[in-house]
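[1] sequence and predicted structure are below.
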Amino acid sequence: MSVRVGILGATGAVGQRFIQLLDGHPTFELAAVTASESSAGKSYREAAKWRVGTPIPDDVAEMEVQPTAADALDDDLDLIFSSLPSGVAADVEPDFAEAGYVVSSNSSNDRMAEDVPLTIPEINADHLGLIEVQRDERGWDGALIKNPNCSTITMVPTLAALDEFGLDRVHVTTLQAVSGAGYDGVTSMEIIDNAIPHIGGEEEKMESESRKLLGSFDGAELSLHGAEVNASCNRIPTLDGHLESVFADLADDPSVDEVAEAMEAFPGIDLPSAPEQLIHVFDDPMRPQPRLDRNLEGGMAVAAGGIQSTANGIKYNCLAHNTIRGAAGASVLNGELLVEEGWV
């Protein structure tokens, strides 16, 4: 089965990751790329300042860039991936869904909307049921589905593994790579020999999105998880890979070994881009590290380590590749889930 897909915002950093990940995909055939008006009409090679570490696929390089508008795009597409800036996406994505397109989006707008699925396939695939609610309420033939923020998606799989012990409260401090801000997001003069102890909007995203992802869906509405989540987000001079220190208060009192076993045994999902093992746990207290562990299972796995007991629960470190598992790869995986579940 071949599923024809398009990418909105294909020339940006995340858009380029989409192209890299879709090259040779067993199900998805990239049939359209869009960008701003200044790029429309050019070949992709001309429009994109290519910065991914593999060459532009030859067939994509010569593809004509189309305008990012629902009435200008080929309607013979089964699925659209969006990597648009959130301000643009908030206006554009609903137009595509209303026009009948199914949109798997990495953009931050509407993630917390009550009728929009915010999905990590291994964690809450059942939340796709919100698509029916969304279509009923908005009158759409298409649909809008989101993956979470890159820092949220690093932590939430480990929290899902801990939930069996009664997850009460979470405190997390992040050390986030510069690629999370986009190529032009942080200048070298800001970040070299430095750390920036604030990332605008990031803490709020982690605190709210985590509770939605871990929440329960009864077929009609979604209830947020009851855990309190507090985040402190920091930018550091690594290129890729968000490292996070998590302190989780638990109702039960599991041992370090029980926590490690719960993380390693947390079930994955049988989709083409999914890692065989979602969470890899290191015994070495010096791991995980961005340079060593961000590319586990093609950048789609989460690494954890440094697990220790605390007075109220457990503390540990976790890591994921922020532009693969935390962005384009997450949207691709959601797209695969949409196909598997019959929404596409």
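    The structure has been received and is ready for your questions.
[2] list the buried ones in stretch 139-149?
    Buried residues in stretch 139-149, counted by 16 or more other C-beta atoms under 10 Å: 140, 142-149. (C-beta placed from N, C-alpha, C; glycine too.)
[3] and what of stretch 60-70?
    For stretch 60-70, by 16+ other C-beta under 10 Å, it's 60, 63, 65-66, 68, 70.
[4] ranges for the strands of the stretch 151-300 of the chain?
    167-176, 216-217, 222-223, 228-235, 242-250, 279-282 (DSSP state E, counting those that start in this stretch).
[5] so which of these gets nearest residue 19?
    Nearest to residue 19 among the strands of the stretch 151-300 of the chain is strand 242-250; the distance by C-beta to C-beta comes to 22.1 Å.
[6] report the distance from stretch 171-180 to the chain centre.
    Put simply, stretch 171-180 sits 14 Å off its chain's centre (C-alpha atoms, centre = their mean, to the nearest Å).
[7] need the residues that contact it.
    Surrounding stretch 171-180, the residues in contact under the criterion C-beta atoms under 8 Å, 6 or more residues apart in numbering are 13, 150-151, 154-155, 185-186, 191, 195, 199, 202, 206, 229-247, 290, 322-323, 326.
[8] what about that stretch, how long is it end to end?
    One end of stretch 171-180 to the other measures 21 Å (C-alpha to C-alpha, to the nearest Å).
[9] quick check: which ranges of the stretch 1-150 of the chain have low pLDDT?
    Scanning the stretch 1-150 of the chain for pLDDT under 70 picks out nothing.
[10] that one: helices as residue ranges?
    Along the stretch 1-150 of the chain, the stretches classed as helices by DSSP state H, counting those that start in this stretch are 13-22, 44-47, 58-61, 86-98, 121-124, 130-138, 150-162.
[11] make TSV out of these and add distance to residue 269.
    Formatted as TSV, these follow (distance: least, C-beta to C-beta, whole Å):
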stretch	distance to residue 269
helix 13-22	17
helix 44-47	31
helix 58-61	28
helix 86-98	25
helix 121-124	5
helix 130-138	18
helix 150-162	11
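[12] which one of those has the most crowded surroundings?
    helix 150-162 (a mean of 26; mean count of other C-beta atoms under 10 Å).
[13] one step back: are any of the contacts of stretch 171-180 buried, and which?
    By 16+ other C-beta under 10 Å, these give 13, 150-151, 154-155, 186, 191, 199, 202, 206, 229, 231, 233-236, 238, 240-247, 290, 322-323, 326 as buried.
[14] ok so, going back, rebuild the strands of the stretch 151-300 of the chain as a markdown table, extending it with distance to residue 83 and mean pLDDT.
    Converted to a markdown table, the strands of the stretch 151-300 of the chain look like this (distance: least, C-beta to C-beta, whole Å; pLDDT from 0 to 100):
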| stretch | distance to residue 83 | mean pLDDT |
| --- | --- | --- |
| strand 167-176 | 18 | 98 |
| strand 216-217 | 26 | 97 |
| strand 222-223 | 25 | 97 |
| strand 228-235 | 20 | 98 |
| strand 242-250 | 18 | 98 |
| strand 279-282 | 26 | 98 |
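[15] what's the end-to-end length of stretch 77-87?
    First residue to last in stretch 77-87 (C-alpha to C-alpha) measures 24 Å.
[16] correct me, but residue 327 touches residue 17?
    Yes: using C-beta atoms under 8 Å, residue 327 is in contact with residue 17, at 6.4 Å.
[17] what sits against residue 322?
    Counting by C-beta under 8 Å, 6+ apart, residue 322 has contacts 150-151, 154, 176-177, 179-180, 240-242.
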